[in-house]
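Peer 1: Got a predicted structure here, sequence first:
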Amino acid sequence: MADWRSTLDGVLNKAWCELEDFQSPRSGPPGLATLATTGPDGAPELRSVVLRSASRASAVVETLTDAATPKVAQLRLAPQIGLLVWCPELLLQIRLRGEATVITGKDLPDEWAALPKEARQNYGVTPDPGTPIAASDAYQRVPERNRLACLRVTLRQIDVVHLDPKHDIRALYTRADAWRGQWLAP
Ligand SMILES: Cc1cc2nc3c(=O)[nH]c(=O)nc-3n(C[C@H](O)[C@H](O)[C@H](O)COP(=O)(O)O)c2cc1C
């Protein structure tokens, strides 16, 4: 059995190593997370996002988005989110819960400056993302600094599952419990 699996601290360390390393070009493109919000009708809404940063010290993760996307309006009404990360090479599932704060353009001067020209194209689709259009190409990309939004998620729970032929393991960590952790039946 891998050493890190034998203690609650070891499992949490492994999960944070993966989250903090999410942007590195390991075997392919940057890893994708699935972000869940609550839609206006109370139903869950899911979409792929790229994690842009993760800090174990504050237990905060961030992703970037277009401020005009429906998810931003949803988060302003209902900031609770779920984030799912699957690390296929490790057979590790990391499920995060937390509360998102939306930070927009004028408060993100460094992030905008750091974005390559091509990446800026993602922040400023006209008409707004999700608007019905007459043809598949009937939209324009007009990069605009105020359309950049950072979703800063303050985590309150981390649920980790690791698959192993001998025995799967699962552990739950909460901010309220100072991230001490608790083994769970998988
Ligand atoms: C591979 C991939 C990566 C994506 N990364 C992001 C991302 O980092 N941020 C983002 O807002 N949307 C990203 N998207 C687009 C979203 O999945 C989604 O279509 C878009 O943000 C609109 O979401 P909404 O209508 O739920 O607000 C990505 C899509 C794909 C297919």
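Peer 2: Here it is on my side, so go on.

Peer 1: contacts and neighbour counts: CA atoms only from here.
Peer 2: Noted.

Peer 1: Just the buried positions in the longest helix seen in the chain, please.
Peer 2: In the chain, taking DSSP state H as the definition, the longest helix is helix 8-20. By neighbour count on 16 or more other CA atoms under 10 Å, the buried set for helix 8-20 is 8-9, 11-12, 14-16, 18-20.

Peer 1: Any idea how many residues pack against I158?
Peer 2: Residues within reach of I158, counting by other CA atoms under 10 Å, total 23.

Peer 1: Tell me which residues touch it, please.
Peer 2: 94-97, 172-174 (CA atoms under 8 Å, 6 or more residues apart in numbering).

Peer 1: That one in helix, strand or coil?
Peer 2: Three-state call for I158 (DSSP: H, G, I helix; E, B strand; the rest coil): strand.

Peer 1: Check what pLDDT it gets.
Peer 2: Among the per-residue scores, I158 holds a pLDDT of 98.

Peer 1: Show me what it bridges to in the sheet.
Peer 2: Note on I158: beta-bridge partners L96, Y173, judged by DSSP bridges.

Peer 1: The chain against the ligand: which residues are in contact?
Peer 2: Within the chain, the positions near the ligand by CA under 6 Å from any ligand atom are 47-50, 63-66, 69-71, 130.

Peer 1: JSON lines for those residues, including neighbour count?
Peer 2: Formatted as JSON lines, the residues of the chain next to the ligand follow (neighbours: other CA atoms under 10 Å):
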{"residue": "R47", "neighbour count": "12"}
{"residue": "S48", "neighbour count": "13"}
{"residue": "V49", "neighbour count": "15"}
{"residue": "V50", "neighbour count": "17"}
{"residue": "T63", "neighbour count": "17"}
{"residue": "L64", "neighbour count": "21"}
{"residue": "T65", "neighbour count": "19"}
{"residue": "D66", "neighbour count": "26"}
{"residue": "T69", "neighbour count": "18"}
{"residue": "P70", "neighbour count": "16"}
{"residue": "K71", "neighbour count": "23"}
{"residue": "G130", "neighbour count": "10"}
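
Peer 1: ok so, going back, could I get the contacts of I158 as TSV with neighbour count and pLDDT?
Peer 2: Shown next, in TSV, are these (neighbours: other CA atoms under 10 Å; pLDDT from 0 to 100):
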residue	neighbour count	pLDDT
I94	22	97
R95	18	98
L96	22	98
R97	20	98
L172	19	98
Y173	21	98
T174	17	98
